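Novice: Got a predicted model here, sequence first, then my questions.
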Amino acid sequence: MESEQNGKIRAEARRGRGAVTNAVGRFEPYARVGFDDGWHQDAPRASQTQVAIENPRSVITRNTSPDISFDRSINPYRGCEHGCIYCFARPSHAYLGYSAGLDFETRLIARPGAPDRLRQELSRPRYQVAPIAIGTNTDPYQPIEARYRVMRGVLEVLSQFRHPVTIVTIVTKGTLIERDIDLLSDMAQAGLAHVGISLTTLDATVSRRMEPRVPSPNRRLQMIERLAGAGVPVRVMVAPVIPGLTDHELEAIMGAAKDAGAMSAGYILLRLPGEVAELFEEWLKEYFPNRAARVMGRMRGMRGGRDYNAEFGARMVGQGAFADLLRHRFAITRKRLGFPGHLPKLRGDLFAVPPKPGDQLTLF
């Protein structure tokens with residue numbers, strides 16, 4: 001395979017992508033080994049995005065995790081073209097038979113039937129309303145949303161049902177959210193919507209290497225400003241914080257977001273579940289070789305000597321002296337900037353199933 005050499009994807013083939021390698025999924029019986037067979041003489045081209053269609057039987061996913069603030073979510077897409085090397089959702093691609101590496105960024109799944117399925121689920125007599133978090137696995141406003149408009153359709157349904165929705169838990173990085181300011185603004189005015197914007201660094205060079213298809217830091221600050229200006233409560237998420245690479249920017253990021261109009265702030269420590277640990281370390285050695293050992297060493301120091309600790313309550317913030325210092329820095333900065341602990345509570349009392357054509361309307 002001309003595009004791979006010694007397990008690493010050649011630079012020409014991964015231009016504009018985050019992952020350095022593309023090892024087969026962990027459930028696959030055979031490994032894929034690249035070698036030059038002498039037949040392909042042309043230089044490898046940049047990897048192209050491929051999109052498959054999925055017709056889901058249900059779209060609302062439930063969870064009982066004690067360290068997150070929602071019990072249900074919707075994911076319009078599987079995989080994410082943004083290509084963030086640190087994305088904790090990468091291992092989920094193995095369930096589709098794909099790699100958590102380059103496949104996660106290039107072999108995407110769209111769910112255009114999600115809005116209709118959501119309408120059916122919300123109309124069930126036994127449905128009990130609670131805020132729905134959108135995009136808890138991958139970004140709902142990644143570039144392919146411009147073509148498939150799944151997120152727009154989901155928001156339209158939620159607006160019709162007067163259903164509370166939060167995009168604050170997973171947070172988005174995509175400027176396509178500005179297209180939906182009309183819906184989000186109306187919902188926010190009724191107490192039905194929050195939005196979160198992820199800001200990992202203010203350094204455009206680091207951002208471009210780490211999040212190759214994500215809008216620049218300055219552009220994301222502009223997103224915060226535009227959403228806030230439309231009356232949408234915005235929470236900035238410094239997520240993930242990467243010790244030894246971006247952690248020194250915590251206060252500056254929070255300050256810049258506050259100036260742009262963010263109403264609240266949060267942070268999440270870098271998470272390296274499953275294949276992400278190896279992918280992230282490979283990326284560090286490729287782009288920041290002089291910092292790789294320091295970053296991984298600091299991470300392991302906050303994870304009990306391991307690459308990752310999935311324990312509830314610790315997975316988001318880490319453990320140990322450096323984790324405690326990070327918590328103190330965040331708390332002090334949040335207080336200094338006047339950030340409240342939480343955004344205003346979303347309302348659930350406005351929820352109502354809209355009448356269908358031909359339904360008998362109530363007199364009062």
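Specialist: Nice, thanks for sending it over.
Novice: Rank the helices and strands of the protein by mean pLDDT and give me the bottom one.
Specialist: Here the helix or strand of the chain ranked lowest by mean pLDDT, DSSP states H and E is strand 4-5, holding a mean of 48.
Novice: Tell me the first helix or strand C-terminal of that strand.
Specialist: strand 8-9 (DSSP states H and E).
Novice: what ranges of the stretch 101-250 of the chain fall below the confidence cut-off?
Specialist: 167-171 (pLDDT under 70).
Novice: mind running it again at 50?
Specialist: Scanning the stretch 101-250 of the chain with the threshold set as pLDDT under 50 gives 168-170.
Novice: Do a quick rundown of the strands in it.
Specialist: Under the criterion DSSP state E, counting those that start in this stretch, strands of the stretch 101-250 of the chain are mapped to 107-110, 132-134, 165-172, 193-198, 234-241.
Novice: Turn those strands into JSON lines, including mean neighbour count and distance to Ala19.
Specialist: Quick note: C-beta positions are derived from backbone N, CA and C, even for glycine. Below are the strands of the stretch 101-250 of the chain laid out as JSON lines (neighbours: other C-beta atoms under 10 Å; distance: least, C-beta to C-beta, whole Å):
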{"stretch": "strand 107-110", "mean neighbour count": "21", "distance to Ala19": "12"}
{"stretch": "strand 132-134", "mean neighbour count": "25", "distance to Ala19": "25"}
{"stretch": "strand 165-172", "mean neighbour count": "24", "distance to Ala19": "20"}
{"stretch": "strand 193-198", "mean neighbour count": "26", "distance to Ala19": "19"}
{"stretch": "strand 234-241", "mean neighbour count": "25", "distance to Ala19": "16"}
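Novice: Distance to Met263 for these - can I get that in TSV?
Specialist: Converted to TSV, the strands of the stretch 101-250 of the chain look like this (distance: least, C-beta to C-beta, whole Å):
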stretch	distance to Met263
strand 107-110	32
strand 132-134	18
strand 165-172	10
strand 193-198	9
strand 234-241	6
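Novice: Look at Gly266 and give its secondary structure.
Specialist: Assigned state for Gly266: strand (three-state reduction, DSSP: H, G, I helix; E, B strand; the rest coil).
Novice: List the contacts of it.
Specialist: Residues in contact with Gly266 (C-beta atoms under 8 Å, 6 or more residues apart in numbering) are 196, 235-239.
Novice: Check the spacing between it and Asn63 real quick.
Specialist: From Gly266 across to Asn63, the span is 18 Å (C-beta to C-beta, to the nearest Å).
Novice: got it, and Asp247?
Specialist: Counting by C-beta to C-beta - Asp247 and Asn63 are separated by 28 Å.
Novice: Have a look at these two and say which one is more surrounded.
Specialist: Asp247 (20 against 12; other C-beta atoms under 10 Å).
Novice: can I assume Ala188 is in contact with Val232?
Specialist: Yes. Taking C-beta atoms under 8 Å as the definition, Ala188 is a contact partner of Val232 at 4.4 Å.
Novice: Mind listing the shared neighbours of those two?
Specialist: His194.
Novice: out of the two, which sits in the more crowded spot?
Specialist: Val232 (25 against 22).
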